[in-house]
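A.B. asks: give me a model of this one.
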Amino acid sequence: MSEGEKKEGVKRPDSTRRTVVAAAGALVVGGVVGYLLAPRGAVETVTQTVTQTVTQTQTVTQQVPQPVPQAKAYERVRLANIRDLANKRPVVRQYMGLNVLLVKLGERAVGGVGPDGDVVAFVNVCTHMGGPLIYVPDTNCAVCQLHYTQFDLARGGKQVTGHATEYLPQVELEYDEKTGDIYAVSINQLVYGKYDNLA
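C.D. replies: The predicted structure follows:
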């Protein structure tokens, strides 16, 4: 070392250390170059003939005819003959699985049939909570046995008093003048407890 370097306190790198670093670097570079230049094993090229059968799939959409839904309809059912009915004497009949109150009111009524237009029929179920009805001849009303709603049968089953807010379902009737037979042909509104009268 020169005297100037000694005075300033500058240390020179050790020559041994420099030699070791140079040798390590040369070793790494030599390894990489050796790896790149080393002979490789012979690569064999194989030619292979492949035969493939291609199957083509075709999707065909075919419309299958849907069965035509049969329209549900009310049945035409004979309930009674006019000769079987007395004024203000109700009879209970079955129509479409429901109890029906059939009565000759003795006065002309909305939807009434027969010679005097006074024969009517109503589903025997209250529109409030489905209670059973009884006929009161003095007023021509059907009265619910649960909460006493009254329905006027001469006025199309209109609720007169009580909890119900809807008319009583009326059975539409046909009258055969030749024979006197009375037929039920439909119901004019939804019956309590049903989502469809025909279901």
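
A.B. asks: and for residue 132, nearest residue in space, chain neighbours not counted?
C.D. replies: residue 145 (5.2 Å; C-beta to C-beta, 6 or more residues apart in numbering). (Glycine included, C-beta is placed from N, CA and C.)

A.B. asks: residues contacting the spatially closest residue to residue 190 that is not a sequence neighbour?
C.D. replies: Once flanking residues are discounted, residue 190 sits nearest to residue 197: 6.2 Å by C-beta to C-beta, 6+ apart. Residues in contact with residue 197, defined by C-beta atoms under 8 Å, 6 or more residues apart in numbering, are 74, 96, 187, 190, 191.

A.B. asks: can you lay out these as CSV showing secondary structure, neighbour count and distance to residue 157?
C.D. replies: CSV is the format used below for these (DSSP: H, G, I helix; E, B strand; the rest coil; neighbours: other C-beta atoms under 10 Å; distance: C-beta to C-beta, whole Å):
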residue, secondary structure, neighbour count, distance to residue 157
74, coil, 15, 18
96, coil, 16, 17
187, strand, 22, 11
190, coil, 14, 13
191, coil, 18, 12
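
A.B. asks: sorry, back to before: and the residue nearest to residue 132, what does it touch?
C.D. replies: Contacts of residue 145 were listed using C-beta under 8 Å, 6+ apart, and they are 131, 132, 133, 134.

A.B. asks: also residue 196?
C.D. replies: By C-beta under 8 Å, 6+ apart, the contact set of residue 196 is residue 190.

A.B. asks: in which helix or strand would I find it?
C.D. replies: Following DSSP states H and E, there is no helix or strand that holds residue 196.

A.B. asks: please enumerate the strands of the protein.
C.D. replies: All strands of the chain, identified by DSSP state E, fall at 77-81, 91-95, 98-104, 119-123, 133-136, 141-144, 150-152, 158-161, 170-175, 181-187.

A.B. asks: helices and strands around the fifth one, which ones?
C.D. replies: For strand 133-136, the contact count by 3 or more C-beta pairs under 8 Å, 6 or more residues apart in numbering; DSSP states H and E identifies strand 98-104, strand 141-144 as packing neighbours.

A.B. asks: then the last one?
C.D. replies: Under the contact criterion of 3+ C-beta pairs under 8 Å, 6+ apart, the helices and strands touching strand 181-187 comprise strand 77-81, strand 91-95, strand 98-104, strand 119-123, strand 170-175.
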